[in-house]
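K.L.:
This is a predicted model, with the sequence first.
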Amino acid sequence: MFRSLLAFLCLLLLPPAAAVAQAPVVTATSPDGALVLTVTTDQDARAVWSLTRQGKPLIGTSGLGFILTDGLNMVRGWTLLGSETAAVDQTWEQPWGERRFVRDHHRELLVRFRQADNQGGRLMNVRFRLFDDGIGFRYELPLQPGLQTARIADELSEFAIVPRGTAWWVTGLEWNREEQVYQRSPIDAVATAQTPLTMRLDDGTHLAFHEAALVDYAGMYLKRIEGQTFRSTLAPSSQGARVVRELPFATPWRTVRIAGNAAGLVESDLELNLNEPNRIGDVSWFKPMKYIGIWWGMIRGDWTWAEGPRHGATTERAKAYIDFAARNGFGGLLIEGWNKGWNGDWLGHGDAFRFFEATPDFDLKAVTDYARQKGVQLIGHHETGGDIANYEAQLEAAMALYQARGVPAVKTGYVAHIGGIVAPGERPGETRMEYHEGQRMVQHHLKVVETAARYRIAVNPHEPVKDTGLRRTWPNWVAREGARGMEYNAWGQFANGPDHEPTLVYTRMLSGPMDFTPGVLSLEGHDHAPLASTLAKQLGLYLALYSPIQMAADFIENLAAHPRELAFIRQVPADWAESHLIAGEVGDYAIFARKDRRSADWYVGGVNDATARTVDLALDVLEAGKTYTATIYKDGEGATYLTDARHRIAYETRTVRKGDRIAVALAPGGGVAIRLAPTR
């Protein structure tokens, strides 16, 4: 009895169990203090993180870790060993881009974890960087005994979003990759989404989830697992493990842009700042440009890529297009279908393509010589049909040919259903099937970009791996497709709706430049199918959807038939000193102000959805004390994408100063474009 009473009294004197087992907690804040990060382990010994904004929960307790194919999962049994902090505030210069100078201002927290021996005893570091406009984190697996090679079945990065809200997204891992119409839904109705995944919370906070520095790793999608909690999942591989890496290595960054409004979301440079600096050095040989192409005729079905009586890429047609480009100040001409391999069914069957052999009716030397005399550069084209085994075998010779012929840029293509990439196998002649954003394709795209850089060639891939800011490290990676572009407007019932482009601004465009190919001034696709666009919107696209290579996609006859619009396309730059979203809401409309990098001119313009609206544009970006001549291209009276009134456009010229405002009526499916030149 006495012993029992003594034991009971001793238990009363012990500290609470929760206090004994309390896990270490580390925190960090953004430079402005608005974002507060907490990292710890939970009651199941999982590594977890959470985030508050202005004192309110934003990302709730969210797990970290991996599933391996050949060992215990790296999920439980973690102990937080310690942490380190750092801070950076620097500015770096882009050789080309939406803005010339980018500020990198962040605070860093490196957290070191160790797993219990009975769970595998692995070491895992997680590096967080907090910016005023978001957060990024990545895993770093150091050298360690017992784990020389990581074979990752999947990654388990979680994002438990606390406030309710709305999401704009496309489904991940679908047959047509990212080329889908964007869905708008409550956050808790999202399934598996491609990134960037954009959200507007009920309190007005804007979020965009993506990744940065995707190198030698599989692309990430976000899968909703319950409520508003999402978990990463990686693109599959034919090899079982979705990622195989030798230690030590770091994963790509998992990023969340965070802003109080749409402009803050769009103007963030978060992903660029999480990439490594320029590895090429001087890239002055790449000149941002506008170009035309022997392309729209094939997309519409007037011409063919394949050889025959309707073959598009002939020497005669190329010279005619070069003449037009030279007369109208276009720097480049894209020619598709010039090489052998287009005959037959090439979609997903690209083994017949020859990247240094021209068709009989196309003389590459004669065309490039003629272009050089006229001051025009050819943009090359390498369609692979998804067969990278065939392309990689010819890659070096193909790039050498382009360099020898003075071709400074190449558009590559990977037209195949998702999972339909034909990649080299382990033995000569053997192939295997891969996903467009699997680790093998991520390796392939970087191989193409690195090879092209050695030959001073810029790369613009279509059907690409998504952009994750690697243009900072490899600035010859100038644009990509990766969404439904203008080509869908040539296909009648598949055409993009009027809200497509104002949605792209806040979704796909957050990842980087897109080769959307604007400038179809005829507003017609195949068999006269109408575009969901006014004429003014076609001009506004040059301000809304950024790329350092901007196409005027229409037939040259249609471009010539619109001399005033063609004059604007000639003038509008493809390289900017500054860019600001001065009016807009996600999915509704977007109006930018952009300053020419090579002059004092400003350009203002953008695109609208199906709802007519009037926007009051403040010209606060202009330099004080100067007057500017504003040349305005706007929707005409009664313009709408729904009828032939889509062709109505109005012109206006006025003098403006800093602080003035311009009220612009945007038609359904409409847009606006304004050139602001200092008055002499």
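P.N.:
Looks like it arrived, so ask away.

K.L.:
Please enumerate the helices of this protein.
P.N.:
Counting by DSSP state H, residue ranges of the helices within the chain are 2-13, 17-21, 262-266, 270-273, 296-300, 315-328, 364-374, 388-404, 439-454, 500-504, 535-544, 556-560, 563-571.

K.L.:
Now do the shortest one: distance to the chain's middle.
P.N.:
By that I understand helix 270-273. When C-alpha coordinates are averaged (C-alpha atoms, centre = their mean, to the nearest Å), helix 270-273 and its chain have centres 12 Å apart.

K.L.:
CA atoms of it as PDB?
P.N.:
Taking only C-alpha atoms (Å, rounded to 0.1, in the frame of the first residue of the first chain), the coordinates of helix 270-273 have been written out as PDB:
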ATOM      1  CA  LEU A 270       9.900  34.300 -57.500                       C
ATOM      2  CA  GLU A 271      10.800  31.400 -59.800                       C
ATOM      3  CA  LEU A 272      13.400  33.300 -61.700                       C
ATOM      4  CA  ASN A 273      15.100  34.200 -58.400                       C
END
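
K.L.:
List of residues touching that helix?
P.N.:
Counting by C-beta atoms under 8 Å, 6 or more residues apart in numbering, the neighbours of helix 270-273 from elsewhere in the structure are 94, 102, 104, 106, 131, 133-134, 136, 210-212, 253, 255, 257, 468-469, 471-472, 511-512. C-beta here means a position set from N, CA and C on the backbone, and glycine is covered the same way.

K.L.:
try the fifth one
P.N.:
Helix 296-300 is contacted by residues 303-305, 312, 336-337, 487, 490, 520, 525-526, 553-555 when judged by C-beta under 8 Å, 6+ apart.

K.L.:
are any of those residues buried, and which?
P.N.:
Members of the contacts of helix 296-300 that pass the buried threshold by neighbour count (16 or more other C-beta atoms under 10 Å) are listed as 303-305, 312, 336-337, 487, 490, 520, 525, 553-555.

K.L.:
is it possible to export the residues you listed to a markdown table including pLDDT and distance to residue 646?
P.N.:
Shown next, in a markdown table, are the buried ones among the contacts of helix 296-300 (pLDDT from 0 to 100; distance: C-beta to C-beta, whole Å):
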| residue | pLDDT | distance to residue 646 |
| --- | --- | --- |
| 303 | 98 | 25 |
| 304 | 98 | 29 |
| 305 | 97 | 29 |
| 312 | 98 | 27 |
| 336 | 98 | 28 |
| 337 | 98 | 30 |
| 487 | 97 | 19 |
| 490 | 96 | 16 |
| 520 | 98 | 11 |
| 525 | 96 | 13 |
| 553 | 98 | 17 |
| 554 | 98 | 14 |
| 555 | 98 | 18 |
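
K.L.:
quick one: average pLDDT of stretch 530-541?
P.N.:
Mean pLDDT, stretch 530-541: 98.

K.L.:
how distant is it from the center of its chain?
P.N.:
Chain-centre distance of stretch 530-541: 22 Å, with C-alpha atoms, centre = their mean.

K.L.:
Same check on stretch 625-636?
P.N.:
Its chain's average C-alpha position is 31 Å from that of stretch 625-636, according to C-alpha atoms, centre = their mean.

K.L.:
buried stuff in that stretch?
P.N.:
Going by neighbour count (16+ other C-beta under 10 Å), the buried part of stretch 625-636 is 628, 630, 631, 632, 633, 634, 635, 636.

K.L.:
swap in stretch 652-669?
P.N.:
Neighbour-count burial for stretch 652-669, with 16+ other C-beta under 10 Å as criterion, is recorded at 656, 660, 662, 664, 665, 666, 667, 668, 669.

K.L.:
Give me the pLDDT value at residue 4.
P.N.:
Note on residue 4: pLDDT of 44.

K.L.:
for the one 3 residues further on, same thing?
P.N.:
Per-residue confidence for residue 7 comes out at a pLDDT of 42.

K.L.:
could I have stretch 472-485 exported to CSV, CA atoms only?
P.N.:
Below are the C-alpha coordinates for stretch 472-485, written out as CSV (Å, rounded to 0.1, in the frame of the first residue of the first chain):
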residue,chain,number,x,y,z
ARG,A,472,17.8,32.7,-66.2
THR,A,473,20.4,29.9,-66.2
TRP,A,474,20.1,29.2,-70.0
PRO,A,475,19.0,32.5,-71.6
ASN,A,476,18.9,30.8,-75.0
TRP,A,477,15.8,29.0,-73.8
VAL,A,478,13.7,31.9,-75.0
ALA,A,479,10.1,30.7,-75.1
ARG,A,480,7.8,27.7,-75.0
GLU,A,481,4.3,26.7,-75.8
GLY,A,482,2.8,24.6,-73.0
ALA,A,483,-0.9,25.7,-73.4
ARG,A,484,-3.5,26.1,-76.0
GLY,A,485,-2.1,28.7,-78.4
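
K.L.:
wait, what's in contact with residue 669?
P.N.:
498, 532, 533, 534, 537, 608, 609, 610, 640, 641, 642, 646.

K.L.:
With residue 62 instead?
P.N.:
So residue 62 contacts 48, 49, 50, 157, 158, 159, 160, 229 (C-beta under 8 Å, 6+ apart).

K.L.:
Out of the residues you listed, who's the most crowded?
P.N.:
Of these, residue 49 is surrounded by the most neighbours, 25 neighbours in total, counting by other C-beta atoms under 10 Å.

K.L.:
which strand residues sit across from that one in the sheet?
P.N.:
With DSSP bridges as the criterion, residue 49 is bridged to residue 39, residue 62.

K.L.:
What segments of the stretch 151-300 of the chain are strands?
P.N.:
Under the criterion DSSP state E, counting those that start in this stretch, strands of the stretch 151-300 of the chain are mapped to 158-161, 165-169, 183-186, 192-193, 197-201, 206-212, 220-226, 229-234, 243-246, 249-250, 253-259, 289-294.

K.L.:
Can you pull out the low-pLDDT segments for the stretch 451-600 of the chain?
P.N.:
Low-confidence regions of the stretch 451-600 of the chain, defined by pLDDT under 70, are absent; no residue qualifies.

K.L.:
show me the contacts for the closest residue to residue 312 other than its chain neighbours.
P.N.:
Nearest non-adjacent residue to residue 312, counting by C-beta to C-beta, 6 or more residues apart in numbering: residue 303, 3.4 Å away. Contact analysis of residue 303 by C-beta under 8 Å, 6+ apart lists 294, 297, 310, 311, 312, 337.

K.L.:
what do you get for residue 629?
P.N.:
When contacts are taken as C-beta under 8 Å, 6+ apart, residue 629 is in contact with 653, 654, 655, 676, 677, 678, 679.

K.L.:
Identify the bridge partners of it.
P.N.:
With DSSP bridges applied, residue 629 shows beta-bridge pairing to residue 655, residue 677.

K.L.:
Check what pLDDT it gets.
P.N.:
As summarised for this prediction, residue 629 has a pLDDT of 98.

K.L.:
and what of residue 18?
P.N.:
As summarised for this prediction, residue 18 has a pLDDT of 41.

K.L.:
ok, for residue 525, nearest residue in space, not its chain neighbours?
P.N.:
Beyond its immediate neighbours in the sequence, the residue positioned closest to residue 525 (C-beta to C-beta, 6+ apart) is residue 490, lying 3.9 Å away.

K.L.:
my bad, should have said residue 195
P.N.:
The spatially closest residue to residue 195, leaving aside those adjacent along the chain, is residue 210, at 4.4 Å (C-beta to C-beta, 6+ apart).

K.L.:
And for residue 587?
P.N.:
Setting aside the residues directly before and after it, residue 587 is nearest to residue 503 in space (C-beta to C-beta, 6+ apart), at 4.6 Å.

K.L.:
How much space separates that neighbour from residue 550?
P.N.:
Separation of residue 503 from residue 550 (C-beta to C-beta, to the nearest Å) stands at 20 Å.
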